[in-house]
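Novice: Build the 3D model from these lines:
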Amino acid sequence: MIVRGAVLREMGLPSPYAESRPLTIEELHLAPPGPGELLVRIRAAGLCHSDLSVINGSRPRVMPMLLGHEATGEVIQSEAANFAPGDTVGFAFVPACGACAPCAEGRAALCEPGAAANATGTLLSGERRLTIPPTSDLPPASDQPSPSDRPPAAGTSLASEVHHHLGVSGFADYAVVSARSAVRIDPSLPPEIAALFGCAVMTGVGAVVNTARVQAGQSAVVFGLGGVGLSALLGAVLVGAHPIVAVDVVPEKLSLALELGATHAIDARGNDVAEQVREATDGGAHYAFETVGSAAVLGQAYAATRRGGTTVTVGLPDPSQLLSIPAVSLVAEERTLKGSYLGSAIPSRDIPRYIALYQAGRLPVDRLLTSTVRLESLNEAFDTLATGTSIRQVLVL
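Specialist: Residues are numbered from 1 along each chain as shown. Below is the predicted model:
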């Protein structure tokens, strides 16, 4: 079938993206689902820094690629025994095979075949279902330049195959995904809210609940108040952490954090942020969460963590960034530094659980939604994301 989607052909084009147009809206051929796969009509997809980091080149991926990984939709065709047409699904951005050593240990985020598939831009099966057909085979073109009208960028391939982004490629009206990437969810949930549970909520809340296992009465600080950071803050409120400190450079985000349950808000543009956190938490936070994807911010989060405390990093920095900390502090202060990927989640368990908490009024995820956008406006929307002024913009199809 022919689908429309946002294809990235070259990483690292300069901003503003409204001018450089890294994403082109193209018509592609989507092959039918193979064994264990689903054809899904995409209803909504969130814009995440993990998408932006591919666009700006700080998270290199194989090109060309159809972006989008935080999404929801309706199953149209199922080649998997546990899904049926009409099911509403959300997606996890790591397909979990269920058979490798990490999966057997309940660590779906670390699935080895899933990580390999994501790195090579394939589905879990190793296959790609997206191709760019010859121009003559397409319906009338949109107002966007077609592949044949746009000269290939240096270092990119002329091959007709298009790579999948994290097993989802949700910036399109239809997608073929592995059933191992999909989770059946409540169909009554508005699509623009449902999409958020696949990355922002699962990653942020999961970092608090699964990775750190914060207990009621323990202090927490969150560095960075984007979709993931504010989800971590919601998770800290959910489990009864106290005090809860929010750190960011955008005053509006700090104000929202206070509305959502933070007890303190610190402008990161000020001096000695770590010292301000230590004052607010009587010597440092039991748990510090870094969600920015910056080694410098992670260093601040570590400095803001108390003796015996735990620093959790959730952001994905450029691979060239290095972290320097006093090595002796790990032993002499019994400190812990750990990473959290996919919120250390088991998606089939956690996504429905977090949705139920939202529906019960205990996770106000709807407060994360900044605006909805159209497919043709994605480049401009990523400019907004890059400025840090939005929390979560959602593409609605």
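
Novice: Now do the phi/psi pair for the spatially most central residue of the chain.
Specialist: Among the residues of the chain, C199 comes closest to the average C-alpha position under Cα atoms, centre = their mean, at 4.0 Å. With angles defined as degrees, to the nearest 10, C199 sits at phi -140, psi -70.

Novice: show me what contacts it?
Specialist: Neighbour list for C199: 46, 48, 50, 69-70, 93, 227-228 [criterion: Cβ atoms under 8 Å, 6 or more residues apart in numbering]. (Glycine included, C-beta is placed from N, CA and C.)

Novice: Out of these, which one has the lowest pLDDT?
Specialist: Ranked by pLDDT, the contacts of C199 bottom out at S50, which has 93.

Novice: looking at this, that one is in a helix?
Specialist: Yes - counting by DSSP: H, G, I helix; E, B strand; the rest coil, S50 is located in a helix.

Novice: Give me the neighbour count for it.
Specialist: For S50, the count of nearby residues is 21 (other Cβ atoms under 10 Å).

Novice: Verify the contact between it and L316 for me.
Specialist: Yes - with contacts defined as Cβ atoms under 8 Å, S50 counts as touching L316 at a distance of 6.7 Å.

Novice: shared neighbours, the two?
Specialist: R59.

Novice: sec struct for the nearest residue to L233 once chain neighbours are set aside, please.
Specialist: Sequence neighbours aside, V222 is the residue nearest to L233 in space, at 5.0 Å (criterion: Cβ to Cβ, 6 or more residues apart in numbering). Of the three states, V222 takes strand under three-state DSSP.

Novice: Please name the bridge partners of V222.
Specialist: V222 has these beta-bridge partners by DSSP bridges: A246, F289.

Novice: buried residues in stretch 383-395?
Specialist: Of all the residues in stretch 383-395, those buried under the rule 16 or more other Cβ atoms under 10 Å are 383-386, 388, 390-395.

Novice: farthest pair in those?
Specialist: G388 and L395 (19.1 Å; Cβ to Cβ).

Novice: Please produce JSON lines containing the buried residues of stretch 383-395, extended by pLDDT and distance to L30.
Specialist: Listed next are the buried residues of stretch 383-395 as JSON lines, based on pLDDT from 0 to 100; distance: Cβ to Cβ, whole Å:
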{"residue": "D383", "pLDDT": "97", "distance to L30": "28"}
{"residue": "T384", "pLDDT": "96", "distance to L30": "29"}
{"residue": "L385", "pLDDT": "96", "distance to L30": "26"}
{"residue": "A386", "pLDDT": "95", "distance to L30": "29"}
{"residue": "G388", "pLDDT": "90", "distance to L30": "34"}
{"residue": "S390", "pLDDT": "92", "distance to L30": "29"}
{"residue": "I391", "pLDDT": "95", "distance to L30": "31"}
{"residue": "R392", "pLDDT": "96", "distance to L30": "26"}
{"residue": "Q393", "pLDDT": "98", "distance to L30": "25"}
{"residue": "V394", "pLDDT": "98", "distance to L30": "22"}
{"residue": "L395", "pLDDT": "98", "distance to L30": "17"}
